[in-house]
Every structure is written in C-alpha cells, then in structure tokens.
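Chemist: okay, sequence plus prediction incoming.
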Amino acid sequence: MTQLSRALSRATEFLSATSDTPRLDAELLMAAALGIGRDRLILDPPKGEVPATFSAFVERRGADEPVAYITGQRAFWTIDLEVGPGALVPRPDSETLIAAAVEHFAGTSGPKRILDLGTGPGTLLLAALDEWPAATGLGIDASPIALGYAQRNAERLGLSGRAALQLGDWGRDVRQRFDLILCNPPYVAAEADLGPGVAEYEPAEALFAGADGLDDYRRLAPQVGRLLAPGGLAAIEIGSDQAGSAAALFTVAGHRPVLANDLGGRPRALLITV
C-alpha cells in the first residue's frame, strides 16, 4: 500500500464519524492538496509523499467545515466554481432548474436573455450561459462578497463578456424582460435543523427566510410576471416540503406553477411560464 492510499484510508476512517461521504471527502481533499483533479487521483495516482496540507484539510473537514470551502471550489452542471466563506455552496439539487430549462427550450435556439436572482457565486447564471453560448445574462445578489466570487468565476470561465453582475434586492430595480429566470432563494425556516456545518459556516442570509421559510417567495411572486418575457420560463427552487405552500403564493400572484422534481424524486422547483 502506498503512502497516498494509506493516508486516504486513515482519513476515510477519521471522517466516517462526522461525514456521510467520508471516502469522497477524503479523495476531494487529497486531490486539492496535490493540486490535481479527483479523476486523476483515482485513475493515475501520483507517487511520492502526501502533502502536509492534506492532514490540515482533513482536520477542518472533521470540524464540519464544508469540503467546498476547504478546497475553494465546487463542480456544478458543466462548470467548476470558486466558492468560499460568504457564498452559498452550490448543491446538486439546484441542477434541477437548469435541467428544466434545457427541456423547456429544447428544439429552439435557447434563451437570449437570462436573469439569475440571488446568483451567489454565479452558480445558475454561469451554468446557463455555458449551456447556451449565444445568451447574455444578469446576476443579482444582495451580497458584495458573493458577487466577488461570481465576478471571478465569470472571468475564469471566459463568460465575463456575457454576464453582468450587480448588487440588488431581487428584481425590484430590474426593468427588462428575460427569456429565462433562475432563482434559488433562501427557503429554510428559521428554527430548522440543517445538519452539521451548514448554519455554522454558510451565510445565514442565503439560507433562512423567516419563521416558515417563505418570506422571499412572498417578495418574488409579484415580481416574476413583469420580468418574464412571453414564451419564457421562470424556474424557482423550493424546499422539498414546500410544494404546496410556495406554489400557493405564486398562484395568488396570478401564475400557474408546475412542479419539477429532483433526481431523488423530491419536489425541487416551481416552473412558471407566461
């Protein structure tokens, strides 16, 4: 057994006490310590000593710090994003919104203008721009820190010429119409238990939305109609237990939301068309 494989085994055992995916975490941390991708780590592991930074990474993960904050990056859809403190870590569940948009625009040239409300590190906006090379987009966020990540991600991905980013309060000051609106708002109830490391490390303003988790939907529902172009799609993420409660707010605002499930079969997005 090589030094690297022994270190991975020890780290996996150590992390099994705090993580549901200890081996995956250990591999991602080792790849980051070595400065290579996880695929190379698995298929063509380098020889030699284990970097000293690996043990520090493992200790941080053992204290429930998100892997993405430790490595400084997270894969989402077809892109890799820089992430860190002050920006919400992209989740695979949010890919449901992009998948719904791909289905909606199938057989067409795709959306020309894209709006991402609450863009964070640029997650949904940049994934959509990568998916539709002819599109341009606007990302709005209330956090200057999150927008800093988004700007760096846009530049690194070669998308800064097509992605405008600005501070804002949802769609309040937006006057244009868009073919595709994407939004992953805060939707966690104030007293909800999020599991280890989430509330402790990730920004509360990107997670919590009042006592029932619906505060931001109440603000978004009246805005969608004036922002969405005819034939367009708004895809808005919801919590898995909010299919009825969140949809009701958009119904009152005059929409007919359709539910989209994530890969686990759980309610994950409201789809709105005009």
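Modeler: That came through fine. Residues are numbered from 1 along each chain as shown.

Chemist: how is this structure carved up into domains?
Modeler: Structural domains assigned to the chain are 3-63, 76-273, following automatic domain parsing.

Chemist: low pLDDT regions in the stretch 1-150 of the chain?
Modeler: In the predicted model of the stretch 1-150 of the chain, residues 1 satisfy pLDDT under 70.

Chemist: picking up where we left off before, so for residue 69, which of the domains of the chain sits nearest?
Modeler: With C-beta to C-beta, the closest approach to residue 69 among the domains of the chain belongs to domain 76-273: 5.7 Å. For glycine as for every other residue, the C-beta is placed from the backbone atoms N, C-alpha and C.

Chemist: now the end-to-end length of the closest one.
Modeler: The separation between the terminal residues of domain 76-273, taken as C-alpha to C-alpha, to the nearest Å, is 25 Å.

Chemist: so the spatially most central residue of the chain: helix, strand or coil?
Modeler: Nearest to the mean C-alpha position of the chain, counting by C-alpha atoms, centre = their mean, stands residue 90 at 2.6 Å. The three-state assignment at residue 90 reads coil, by DSSP: H, G, I helix; E, B strand; the rest coil.

Chemist: numbering from 620 from now on, please.
Modeler: From this message on, residue numbering opens at 620, which makes the last subject residue 709.

Chemist: that one is in contact with residue 741, isn't it?
Modeler: No - taking contacts as C-beta atoms under 8 Å, residue 709 lies outside contact range of residue 741: 9.5 Å.

Chemist: shared neighbours of the two, anything?
Modeler: residue 700 (C-beta atoms under 8 Å, 6 or more residues apart in numbering).

Chemist: contacting residues for residue 779?
Modeler: Residue 779 touches 770, 773, counting by C-beta under 8 Å, 6+ apart.

Chemist: perfect, I'm done here.
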